[in-house]
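Engineer: I would like to see how this sequence folds:
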Amino acid sequence: MGINVKKLREDFKEPYDLVTTSDGKILFLRKWESQSPSNKAILILHGITAYSGPYEMFGNAISRTGFTAFGLDLRGHGLSDGIRGDYPSKERLINDLVETISYLKKKFSTLLLFGHSLGVLSALIAKMNSTEKIDGLILLSAGKTINPGVYKNPSVLQKLKMLFSSIFFPSKPVIKYYREGILGLDDPLFNFNYTLRFMRLVSFQDLNLSEEIECPIILGVGEYDEIFSVESAQSLLDEIPCKDKKFFIMVGAKHAVEFTEEIFKEIKSWLVDKF
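Structural biologist: Predicted coordinates for the structure are as follows:
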């Protein structure tokens, strides 16, 4: 039985905004307000399977730095509309990100994007496609290539089922996302089933990094990240054409970053220095 997203939104008691997209869907924006009046905001973009809720640790920390933090639930995730685990097209993903940024830029003159894992890809796609000024990128837990053995290769039969579904039932989730150490298994707002067309959207290999990014970037990776090595993360940053970029290692951290003051200190220092 699926979750009732509309009712869960109506029952939500903490601050939030809603974005109505150009195709009539509602995207949920969790909100952590700055402790003092501010015209600066940071948009948090979540990783695969997740939604904005688990990023409360970062949202609260950001709100104490003079920024208002927003966490976007991607279409088909969390409290946003859409078929769970599906995106109709890359164009629709781009439009959702661009329209959310435009919504926030009407309220805040300074806007940064904070991407974690899949959110790094979302942040880079958004930066490259939005006509609005993006003032900075905070990127965590991503790399150019995945560590060997993280995911099991599907059998021939599984591949045939996926192909059949993608042709005749493209909006039906048929891929179960799983890896060792995965979080959120006891949270009904996490999603672990995806369509083939969604999974085809989420590859750094297809990202066009030819255009100069004219805003500061900081990219961090956990010392013990299970999916991306330190070298892979550094390689990704090296390929991003930007004159103002910084790399750091989150000591003791895994892929799903557990907030500590020590980890956020590097980000906070960068925010204070740049903004």
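
Engineer: so where do the helices sit in the stretch 51-200 of the chain?
Structural biologist: 56-63, 90-105, 118-129, 156-168, 196-199 (DSSP state H, counting those that start in this stretch).

Engineer: got a markdown table for those helices, with mean pLDDT too?
Structural biologist: Output for the helices of the stretch 51-200 of the chain, formatted as a markdown table (pLDDT from 0 to 100):
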| stretch | mean pLDDT |
| --- | --- |
| helix 56-63 | 94 |
| helix 90-105 | 97 |
| helix 118-129 | 96 |
| helix 156-168 | 85 |
| helix 196-199 | 92 |
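
Engineer: out of those, flag the one nearest E226.
Structural biologist: Comparing the helices of the stretch 51-200 of the chain against E226 with C-beta to C-beta, the closest turns out to be helix 118-129 (14.8 Å). Heads up, the C-betas are built off the backbone N, CA and C, glycines and all.

Engineer: what about E14, neighbour count?
Structural biologist: By other C-beta atoms under 10 Å, the residues close to E14 number 9.

Engineer: equivalent analysis for G76, please.
Structural biologist: 23.

Engineer: name the nearest residue to the residue nearest the centre of the chain, ignoring sequence neighbours.
Structural biologist: In the chain, the centroid-proximal residue (C-alpha atoms, centre = their mean) is G119; its distance is 2.1 Å. Nearest residue to G119, sequence neighbours excluded (C-beta to C-beta, 6 or more residues apart in numbering): L45, at 3.4 Å.

Engineer: what about the strands in the chain?
Structural biologist: 16-20, 26-32, 40-45, 68-72, 110-116, 136-140, 175-176, 193-194, 217-222, 245-250 (DSSP state E).

Engineer: which of the ones you listed has the lowest mean pLDDT?
Structural biologist: Ranked by mean pLDDT, these end with strand 175-176 in last place, scoring a mean of 90.

Engineer: run through who's touching that one.
Structural biologist: M162, F192, N193, Y194, T195, L196, M199 (C-beta atoms under 8 Å, 6 or more residues apart in numbering).

Engineer: can you pick the most crowded of these?
Structural biologist: T195 (25 neighbours).

Engineer: in this structure it contacts M162, no?
Structural biologist: No: using C-beta atoms under 8 Å, T195 is not in contact with M162, being 9.2 Å away.

Engineer: contacts only, for K246.
Structural biologist: Counted by C-beta under 8 Å, 6+ apart, K246 has contacts P216, I217, I218, L219, W270.

Engineer: quick revisit: any shared contact partners between T195 and M162?
Structural biologist: Shared contacts of T195 and M162, counting by C-beta under 8 Å, 6+ apart, come down to V174, I175.

Engineer: what about the residue lying closest to P241 once chain neighbours are set aside, neighbour count?
Structural biologist: Distance criterion C-beta to C-beta, 6+ apart; nearest residue to P241, sequence neighbours excluded, is E212 at 4.8 Å. Close neighbours of E212, defined as other C-beta under 10 Å, add up to 9.

Engineer: against K90, how distant is E212?
Structural biologist: 22 Å (C-beta to C-beta, to the nearest Å).

Engineer: still on that earlier bit, redo the strands of the chain as a markdown table? Include distance to Y51.
Structural biologist: Shown next, in a markdown table, are the strands of the chain (distance: least, C-beta to C-beta, whole Å):
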| stretch | distance to Y51 |
| --- | --- |
| strand 16-20 | 12 |
| strand 26-32 | 8 |
| strand 40-45 | 10 |
| strand 68-72 | 8 |
| strand 110-116 | 12 |
| strand 136-140 | 16 |
| strand 175-176 | 18 |
| strand 193-194 | 14 |
| strand 217-222 | 21 |
| strand 245-250 | 22 |
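
Engineer: tell me the most buried of those?
Structural biologist: strand 68-72 (a mean of 27; mean count of other C-beta atoms under 10 Å).

Engineer: for that one, packing partners?
Structural biologist: Secondary-structure packing of strand 68-72 (3 or more C-beta pairs under 8 Å, 6 or more residues apart in numbering; DSSP states H and E): strand 26-32, strand 40-45, helix 56-63.

Engineer: what's the closest of these to K274?
Structural biologist: Among the helices and strands packed on strand 68-72, if distance is taken as C-beta to C-beta, the winner is strand 40-45, at 11.1 Å.

Engineer: what residues does that closest one touch?
Structural biologist: Here strand 40-45 makes contact (C-beta under 8 Å, 6+ apart) with 34, 52, 55, 58-59, 62, 66-72, 74, 97, 100-101, 104, 107-116, 118-120, 122-123, 126, 138, 275.
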